[in-house]
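In: The following comprises the amino acid sequence and a computationally predicted model.
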Amino acid sequence: MTKDHPPRPSRRGFLKAGGAAVAAGAGLGTAVGAGLVAPQTALAKAQAHSADPQMAVEPFYGAHQGGIVTPQQSHTYVAALDLTTDKCADVIALLRAWTDAAARLTQGGTAAALPTGDAGDDKSAPDSGDVLGLGPNGLTITLGFGPGLFTKDGKDRYGLAARRPAALVDLPRFNGDQLIAGKTGGDLFIQACANDQQLAFHAVRQLSRLAYGSATMRWGQAGFLSGPRGQTPRNLMGFKDGTNNPSTAKPQLMNEFVWAGASADAPWMEGGTYTVVRRIRITLEHWDDMELGFQEQVFGRHKYSGAPIGKNNEFDAVDLKAEDKDGNPVIPENSHVRLSNRASNNGAQILRRSYSYNDGTNFYIERWPPWRQETEYDAGLIFVAHQSDPRTGFIPINNRLAKFDMMNQFTTHVGSAIFAVPPGAKPGSYIGAGLFET
């Protein structure tokens with residue numbers, strides 16, 4: 001069945017509960033009131049990187065979707081859904097509903113307008129209400145399409161097979177992959193990033209509820225990011241993650257490596273990107289037992305400064321030709337930095353925007369020598385990479401890493417997915433409109 005998308009917000013129907021929420025609305029003006037689905041106001045833009053992370057506002061409408069080149073927030077919740085409807089009209093209705101709700105949520109609002117009448121209204125609640133008063137927290141919501149939107153079991157599901165971008169390839173199986181079906185794939189993608197853990201989950205929860213009857217949750221994963229604002233974050237292995245990213249402040253680099261162009265097979269993807277998500281479990285118990293010098297050899301960087309081995313500062317150029325007094329490479333041949341470096345991959349780069357995860361512990365037992373049993377962390381990295389074409393970006397880079405990287409003895413890829421993330425939407429339209437309306 002087709003779900004009705006949330007109604008347009010009314011001036012009186014927004015956030016009547018909670019003094020903190022009212023205060024937030026006062027600070028954001030019409031961007032949080034009647035203008036929830038209007039273009040971002042100048043005041044809200046000025047607050048986009050507010051000193052108070054709780055009050056930060058990121059624009060929803062624009063040439064590109066948020067959450068791609070947006071400075072990383074401290075939390076994420078990524079999820080994939082499987083479509084259950086056989087009607088293309090239902091998919092369009094869902095995307096309209098998601099766009100409307102996302103535009104409201106990112107501006108500090110609720111998924112739909114709150115009721116103005118008595119609390120005893122018989123209508124279903126428009127929002128779970130668990131984040132009322134928290135503020136917008138820099139929330140971004142990014143939506144994408146998996147290969148299953150176009151074809152499934154060899155069938156053209158919605159008449160869209162001919163519009164599937166050639167760049168939206170099925171990822172190959174990489175050396176060492178131990179993929180779990182319940183953490184892999186998906187027809188639709190949601191990435192919510194915010195400066196508050198509950199708010200990120202709340203956003204995915206509201207969009208998932210809007211999908212009832214049209215799609216079901218396939219997998220979801222919460223992640224976190226720690227470190228001083230404006231500095232490269234560290235992963236759970238203690239190393240800085242993302243130092244060699246192409247600069248998001250340089251449009252020419254984003255156009256070259258991140259944003260998709262107007263290809264003949266998928267003109268609707270111009271201004272979008274292709275996103276790879278990998279769930280990588282790290283054997284932290286094993287890693288923590290390694291000597292510092294060995295850890296640095298694995299990464300090819302000094303752990304605490306983040307500098308390439310042999311250099312002093314994090315952003316010093318990686319010198320792959322440098323040798324020690326015995327003629328050996330200063331940066332090991334099978335180190336992560338060397339294998340992933342642009343110079344080792346025909347100039348290719350991807351934009352990493354990853355988060356750590358910690359899902360508690362699991363009991364582990366071996367019934368053969370040495371017959372050990374222990375409790376291990378279920379923790380690691382939610383690897384998220386954006387690129388203009390995974391065929392020249394993630395796939396060749398990861399193929400090299402999967403075969404030769406020293407880090408593989410500590411990591412296992414257990415989840416994997418790829419999505420075409422369309423460009424941003426204009427007010428009155430919806431994310432992905434170009435795919436359905438061309």
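Out: Okay, I see it.
In: where does the stretch 51-200 of the chain dip in pLDDT?
Out: 117-123 (pLDDT under 70).
In: is it true that F189 lies in a strand?
Out: Yes. Judged by DSSP: H, G, I helix; E, B strand; the rest coil, F189 forms part of a strand.
In: State the number of residues packed around it.
Out: 23 (other CB atoms under 10 Å). Using the backbone N, CA and C atoms, a C-beta is placed for each residue, glycine as well.
In: show me what contacts it?
Out: The contact partners of F189, taken as CB atoms under 8 Å, 6 or more residues apart in numbering, are 78-80, 142-146, 275, 277, 417, 419, 421.
In: and the gap between it and N328?
Out: 44 Å (CB to CB, to the nearest Å).
In: ok so, going back, let me have the contacts of F189 in CSV, extended by distance to P71.
Out: Converted to CSV, these look like this (distance: CB to CB, whole Å):
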residue, distance to P71
V78, 18
A79, 22
A80, 25
T142, 14
L143, 20
G144, 20
F145, 25
G146, 27
T275, 17
V277, 20
A417, 24
F419, 21
V421, 18
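In: Output those residues in CSV, with secondary structure, neighbour count and distance to Q221 appended to each entry.
Out: Putting these into CSV (DSSP: H, G, I helix; E, B strand; the rest coil; neighbours: other CB atoms under 10 Å; distance: CB to CB, whole Å) gives the following:
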residue, secondary structure, neighbour count, distance to Q221
V78, strand, 28, 5
A79, strand, 23, 7
A80, strand, 26, 9
T142, strand, 28, 14
L143, strand, 22, 16
G144, strand, 27, 15
F145, strand, 26, 19
G146, coil, 23, 15
T275, strand, 25, 14
V277, strand, 25, 8
A417, strand, 23, 10
F419, strand, 26, 14
V421, strand, 25, 17
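In: Tell me which stretches of this structure form helices.
Out: 19-28, 42-46, 88-106, 197-210, 251-257, 284-287, 292-299, 336-340, 394-404, 433-437 (DSSP state H).
In: Out of those, flag the one nearest N137.
Out: helix 197-210 (4.9 Å; CB to CB).
In: Specify the angle between the closest one and helix 88-106 in degrees.
Out: 160 degrees (axes from the mean of the first three to the mean of the last three CA atoms, to 10 degrees).
In: Tell me the one of the contacts of F189 nearest G223?
Out: For the contacts of F189, the nearest to G223 is V78 (7.1 Å; CB to CB).
In: Show me what the closest residue in space to the closest one that isn't next to it in sequence is bridged to.
Out: Nearest non-adjacent residue to V78, counting by CB to CB, 6 or more residues apart in numbering: Q191, 4.9 Å away. Bridge pairing for Q191 (DSSP bridges) gives the partners V78, T142.
In: Next one: Q191 from A166, what distance?
Out: 23 Å.
In: picking that back up, going by mean pLDDT, which of the helices of the chain comes out lowest?
Out: Ranked by mean pLDDT, the helices of the chain end with helix 19-28 in last place, scoring a mean of 34.
In: Where do the strands of this structure begin and end?
Out: Along the chain, counting by DSSP state E, strands occupy 75-83, 140-145, 151-152, 155-156, 188-194, 215-224, 273-282, 351-352, 355-365, 373-387, 411-421.
In: Tell me which of those lies nearest to Q297.
Out: strand 411-421 (15.7 Å).
In: buried ones in that closest one?
Out: 411-421 (16 or more other CB atoms under 10 Å).
In: if we can go back for a sec, just curious, which of the contacts of F189 is nearest to Y430?
Out: After measuring the contacts of F189 against Y430 - CB to CB - the closest member comes out as L143, at 9.4 Å.
In: Identify the residue spatially nearest to that closest one, adjacent ones excluded.
Out: I431 (4.8 Å).
In: And A56, by the same measure?
Out: G138 (3.7 Å).
In: Please apply the same query to T99.
Out: Y430 (4.0 Å).
In: how far away is the closest residue to V277 other than its chain neighbours from G154?
Out: With sequence-adjacent residues excluded and distances taken as CB to CB, 6+ apart, V277 is closest to A417, at 4.8 Å. Noted for A417: a distance of 20 Å to G154, by CB to CB.
In: for L292, same thing?
Out: L292 is 52 Å from G154, by CB to CB.
In: Looking at those two, which is more packed in?
Out: In this view L292 and G154 are compared by other CB under 10 Å, and L292 has more residues nearby, 11 against 6.
In: thinking again about what came up before, closest to F404 among the buried residues of strand 411-421?
Out: T411 (13.4 Å).
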